[in-house]
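S.K.: Starting from these lines, generate the structure:
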Amino acid sequence: MVTRFLKFVLLFTLLLAFILPNLESFALTPTEEREALEAELRELEEQIAKYETDITKTQQEKKTLQNQIYILKRKIGKLNLQIQGSNVMIRDVTLQAKDTESSIETTSLKIGDSKTQLGNLLRKIYEEDQKTLFEILISEESISDFFANLVYLENLSENSFQLLQNIKSLKSKLQTQKETLSTEKEDLERILKIQILQKREADVTKFETDILLKKTKGEEALYQKYLKETQAEAAEIRARIFELIGVPKAPTFGEALEIARYVESITGVRPALLLAVLTQESNIGKNVGQCYLKDPATGTGVVIATGKSISRVMKPSRDVQPFLQITQALGRDPYNTPVSCPMSFGWGGAMGPAQFIPSTWNLYKDKVAAITGKTADPWDIRDAFLAAAVYLKDFGAASQNPNDEWRAAMIYFSGSTNTRYRFYGDSVLAIASRYQRDIETLEGV
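M.R.: Next up is the predicted model:
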């Protein structure tokens, strides 16, 4: 028995000796890994496109129970693929960020080495510079040695100049790398927010499927009856709570619609789109949670619900000072005023139902104040609705053209129309379409 065990150990050791040195050859380089992720993402996008075609085709057919269930199931399948796609993008951006962090570390080491070399050169130049001309002459054995020493000093000065230029160049490179890393982390934060929305929409679609099956019991006649019942639910729609983040008492859908109509009269942004954007922001905000800023120097704060300390509640270089100005103007205690908590990357600090960060709110508060005649308050529902609509109008949403509305929603979310985040814009228009039907139902009463 012992002999057999020893043979097994020897065989296992020989196998390890053969396999381990070759494992490295099977490992992907960061570039290869990113290429593999991009290929995986392209494949997922192709599958998503097939689902979209399938859903669109079925939606154009007769409204039967079978078709409706099929559409809902395809939507869930599409959302699951989109969540997978977000996971791939998260891994891809994480790899980019790691590469950038590695480059920053290398550049920092080079700067350190260059500074050490420069210090040694300057010290040498200083020592030589302290000698008098007479001391130099008598210390050299010949005139040629004297001139050789002068050339040496000149070379030292030239080398120190080159090192100084090198340090300047490396510092510039380091700054660019840090900005790149900051952008990558913001990218990652937005993709994580997109994934929150995707998971929420998947949950809602599954819930809709369960309700449909429960109410119809899988029978076509009951489905047709259910369709007629849902076409005239104006009272239920008006009374439905319209959830908003950072608002102590959420309004009903009817109350939110009233405000949105008032805002439309000023900005031209249709109520359904504005309410859809605010819904998206609240969906993100509820998952991010609520925090208080506590240390303006570092941006550290606490989670309101637990009192637990948390870093990156607000970006000091960008948002702390504007936040202090905003709260002071409103007579609020800045250290007991709710803002969004950070996600696993990036910073928190978004305010009120429209989730404006302080630095962006400062760009719009005067426009809002000019309309309302009072200090703009990001935690006030009417001011938040108005600021969000003014922002959307600035980027073309007042045209009420779907393409312009999609573009404005994308810019509201990320400041760009980067296709990485297209789910946000697509989802806003889908929610706006549902709200539009609700609004038309209300108007038809």
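
S.K.: Show me what the helix or strand that E43 is a member of is packed up against.
M.R.: Following DSSP states H and E, the helix or strand that holds E43 is helix 30-59. Judged by 3 or more Cβ pairs under 8 Å, 6 or more residues apart in numbering; DSSP states H and E, helix 30-59 is in contact with helix 65-129. All C-beta atoms are positioned from the backbone trio N, CA, C, and that covers glycine.

S.K.: how about the helix holding E43: buried residues?
M.R.: R34, L37, E40, L41, L44, I48, Y51, D54, I55, T58 (16 or more other Cβ atoms under 10 Å).

S.K.: Where does the prediction get shaky in the stretch 201-350 of the chain?
M.R.: Within the stretch 201-350 of the chain, the stretches with pLDDT under 70 are 218, 223, 225-238, 246, 286-289.

S.K.: Strands along that one, start to end?
M.R.: For the stretch 201-350 of the chain, strands defined by DSSP state E, counting those that start in this stretch occupy the ranges 290-295, 300-303, 309-310, 339-340.

S.K.: deepest of those, which one?
M.R.: The highest mean neighbour count among the strands of the stretch 201-350 of the chain, using mean count of other Cβ atoms under 10 Å, belongs to strand 339-340: a mean of 28.

S.K.: What strands flank it, and is each parallel or antiparallel?
M.R.: Paired strands of strand 339-340, with direction, are strand 290-295 (antiparallel) (DSSP bridges).

S.K.: what's the spacing between the partner strand and its chain's center?
M.R.: Taking Cα atoms, centre = their mean, to the nearest Å, one finds the center of strand 290-295 at 20 Å from the center of the full chain.

S.K.: ok, now stretch 417-429?
M.R.: For stretch 417-429 - counting by Cα atoms, centre = their mean - the centre lies 12 Å from the chain centre.

S.K.: Skip the chain neighbours and tell me the closest residue to N166.
M.R.: Once flanking residues are discounted, N166 sits nearest to S114: 5.4 Å by Cβ to Cβ, 6 or more residues apart in numbering.

S.K.: Report how many residues lie close to the one you found.
M.R.: 20 (other Cβ atoms under 10 Å).

S.K.: Which strand or helix spans the most centrally placed residue in the chain?
M.R.: Central residue of the chain (Cα atoms, centre = their mean): R190, 1.8 Å from the mean position. Using DSSP H and E, R190 maps to helix 143-216.

S.K.: what's the angle from that helix to helix 65-129?
M.R.: Going by axes from the mean of the first three to the mean of the last three Cα atoms, to 10 degrees, helix 143-216 is angled at 160 degrees with respect to helix 65-129.

S.K.: Which elements pack onto helix 143-216?
M.R.: Right, helix 143-216 is packed against helix 65-129, helix 133-139, helix 220-230, helix 271-288, helix 402-414, helix 422-443 by 3+ Cβ pairs under 8 Å, 6+ apart.

S.K.: With respect to burial, which of these scores highest?
M.R.: helix 271-288 (a mean of 24).

S.K.: sorry, back to before: how close does the residue nearest to the centre of the chain get to Q96?
M.R.: Note on R190: its distance to Q96, by Cβ to Cβ, to the nearest Å, is 14 Å.

S.K.: cool, T441 as well?
M.R.: Taken as Cβ to Cβ, the span from T441 to Q96 is 47 Å.

S.K.: what does Q165 give?
M.R.: Distance, Q165 to Q96, using Cβ to Cβ: 30 Å.

S.K.: likewise T180?
M.R.: 8 Å.

S.K.: do the same with T106
M.R.: T106 is 16 Å from Q96, by Cβ to Cβ.

S.K.: now I104, nearest residue through space, not along the chain?
M.R.: Q177 (4.8 Å).

S.K.: residue contacts, P251?
M.R.: I241, F242, L244, I259, I381 (Cβ atoms under 8 Å, 6 or more residues apart in numbering).

S.K.: Pull the number of nearby residues for K217.
M.R.: Counted with other Cβ under 10 Å, K217 comes out at 9.

S.K.: Could you number the chain from 5 rather than 1 from now on?
M.R.: Noted, 5 is the first residue going forward, which turns the last one into K221.

S.K.: thinking K397 is in contact with V273, fair?
M.R.: Yes - counting by Cβ atoms under 8 Å, K397 does reach V273; the two are 5.5 Å apart.

S.K.: and those two? which has more neighbours close in?
M.R.: Neighbours per residue (other Cβ under 10 Å) separate K397 from V273, with V273 holding more: 27 against 19.

S.K.: how close does that one sit to Y395?
M.R.: V273 is 9 Å from Y395, by Cβ to Cβ.

S.K.: what's the answer for E188, then?
M.R.: Taking Cβ to Cβ, one finds E188 at 25 Å from Y395.

S.K.: Which of the two has more residues huddled nearby?
M.R.: Counted by other Cβ under 10 Å, E188 and Y395 do not tie: Y395 has more neighbours, with 23 against 20.

S.K.: In three-state terms, how would the more buried one be classified?
M.R.: Three-state assignment for Y395 (DSSP: H, G, I helix; E, B strand; the rest coil): helix.

S.K.: contacts for stretch 372-386?
M.R.: Under Cβ under 8 Å, 6+ apart, the answer for stretch 372-386 is 248, 250-251, 255, 260, 263, 266, 270, 330, 333-334, 341-342, 355-358, 360, 365, 368-370, 387-388, 390-391, 394.

S.K.: And that stretch, what's buried?
M.R.: Applying 16+ other Cβ under 10 Å to stretch 372-386 flags V372, I375, A380, D381, P382, W383, D384, I385 as buried.

S.K.: Of the residues you listed, which is the nearest to K67?
M.R.: I385 (36.2 Å; Cβ to Cβ).

S.K.: Over to A380. Which of the three states is it?
M.R.: Here A380 is recorded as coil under three-state DSSP.

S.K.: Now do the same for it: its pLDDT.
M.R.: Note for A380: predicted pLDDT of 96.

S.K.: what's the distance between it and L196?
M.R.: 29 Å.

S.K.: And N340, by the same measure?
M.R.: In terms of Cβ to Cβ, N340 sits 28 Å off from L196.

S.K.: Likewise for N71?
M.R.: On the measure of Cβ to Cβ, N71 and L196 end up 34 Å apart.

S.K.: Now list the buried members of the contacts of P255.
M.R.: F246, L248, I263, I385.

S.K.: burial count for the nearest residue to the third one once chain neighbours are set aside?
M.R.: Leaving out its chain neighbours, the residue that sits closest to I263 by Cβ to Cβ, 6+ apart is F389, at 5.1 Å. Burial of F389 is recorded as 27 neighbouring residues (other Cβ under 10 Å).

S.K.: got it, and E223?
M.R.: 11.

S.K.: domain assignment for this protein?
M.R.: When the chain is parsed into structural domains using automatic domain parsing, the resulting residue ranges are 43-220, 238-447.

S.K.: No further queries at this time; thank you.
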